[in-house]
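1. need coordinates for the following:
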Amino acid sequence: MTDAVEADRRSIREVIENWAVWRDAGDWDRFRTVWADDGVMMATWKQGTAEEFIRASIDGWNRGVRILHFLGGSSIDVAGDRAIAQTKMTITQRAEVEGVECDIVCTGRFYDFFSRQAGEWKVSHRQPIYEIDRLHSLTGEWPDLDRDLLNSFPVGYRHLAYAQSRIGYPVKRDMPGLVGPEVDALYARGARWLAGE
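-> Sure, this is the predicted structure:
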């Protein structure tokens, strides 16, 4: 590995960390700086341009929606002015679920398409991979879940989707999970990105 590639990886990891810290802190002006001009975010509850995602995040923040991110290790592949980064992450959302205050915890990976723009690494496309999730009651009571609704969502994020749908978000139902055609297609797209397509 060359020193230049190692420096690129460090810079990319810094962007990934800034994304999580600034978004969760509501530091919206700095959060905007991590995105490419044509950046796209694909989340369970919102898909669109980076600016659309930021506006929706601000709206949720102002309504008391709290979705927090914790990061683990990263694997970063660099090819010239493009990169793919996979970062282990946990999403935690606190919400009232069927009248019971709960934390919903979803573990997976951020799968990020990076591009170097004006000498700086930026997120061009972020696609979370949702691997497994769970729901924790904060009161000792267990919410009476609608099993049909719960089971209508993919296994990797069914509890997260359940809570988000109950507070009014239109949840996307075909996000990549640990295995399956959606994640296979994402990996293929990532390979094409690194190849310059």
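
2. now do the lengthiest helix in the chain: which elements does it pack against?
-> Secondary structure assigned by DSSP state H gives helix 3-25 as the longest helix of the chain. Contacts defined by 3 or more C-beta pairs under 8 Å, 6 or more residues apart in numbering; DSSP states H and E place helix 3-25 against helix 28-32, strand 66-79, strand 82-97, strand 100-117, strand 120-137. C-beta: built from backbone N, CA, C; applies to glycine.

3. turn those into a markdown table, columns for distance to Tyr162.
-> Shown next, in a markdown table, are these (distance: least, C-beta to C-beta, whole Å):
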| stretch | distance to Tyr162 |
| --- | --- |
| helix 28-32 | 27 |
| strand 66-79 | 14 |
| strand 82-97 | 7 |
| strand 100-117 | 8 |
| strand 120-137 | 8 |
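
4. so which of the ones you listed gets nearest Leu194?
-> For the helices and strands packed on helix 3-25, proximity to Leu194 was assessed by C-beta to C-beta; strand 66-79 is nearest, at 4.3 Å.

5. if I look at the closest residue to Asp144 other than its chain neighbours, how far off is Ile76?
-> Nearest non-adjacent residue to Asp144, counting by C-beta to C-beta, 6 or more residues apart in numbering: Glu98, 5.3 Å away. Glu98 sits 40 Å away from Ile76, going by C-beta to C-beta, to the nearest Å.

6. alright, calling it a day.
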